[in-house]
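*Asks:* Let's see this in three dimensions:
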Amino acid sequence: MARHNQLGKTGEERAAEYLISKGYIIRDINWRSGKMELDLVAYRDSTLVVVEVKTRSSHEFLRPEEAVNLRKIKNIVRATDAYIRLFNIPFEVRFDIVTLVGDNDRFEIEHIEDAFLAPLNG
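*Replies:* Numbering: from 1, shown residues only. Next up, the predicted model:
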């Protein structure tokens, strides 16, 4: 596996561990349907929380959350809609971003709740 792919996988695992430590219940990690993907799907306080995980080895180029652009948001919302329909989810939905900067041994983790809203015209 390429180094950046391994870093991303490790980041998703660490993000899930972090959320669990904060009282979230993880429903899915890397949920896929066709070309659609959701990094983490969690549940807390009667809310379905869809989490985009961004992992970087440094802040050298962009802050990790800056990689979540409008196109990425639209893809996340589309995948979330498919997830909700497939599993008949009756809860409110919130979109968060968890960023991890560092390496396998030590990450700086930031959790951005309500990071974005679904665009009106998807």
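*Asks:* quick one: pLDDT of residue 7?
*Replies:* The model reports residue 7 with a pLDDT of 74.
*Asks:* Renumber starting at 49 from here on
*Replies:* Okay, using 49 as the starting number, the last item reads as residue 55.
*Asks:* Wait, it touches residue 105, no?
*Replies:* Yes. Proximity of residue 55 to residue 105 meets the contact threshold set by CB atoms under 8 Å, at 6.4 Å. The way it works is simple: take the backbone N, C-alpha and C, and place the C-beta from them, glycine included.
*Asks:* Pull up the overlap in contacts between those two.
*Replies:* Jointly contacting residue 55 and residue 105 under the rule CB atoms under 8 Å, 6 or more residues apart in numbering are residue 151.
*Asks:* and the two? which has more neighbours close in?
*Replies:* Neighbour count, other CB atoms under 10 Å: between residue 55 and residue 105, residue 55 has more, with 19 against 14.
*Asks:* burial count for the closest residue to that one other than its chain neighbours?
*Replies:* Leaving aside its chain neighbours, residue 55 sits nearest to residue 103 (5.5 Å; criterion: CB to CB, 6 or more residues apart in numbering). Number of residues near residue 103 (other CB under 10 Å) recorded here: 24.
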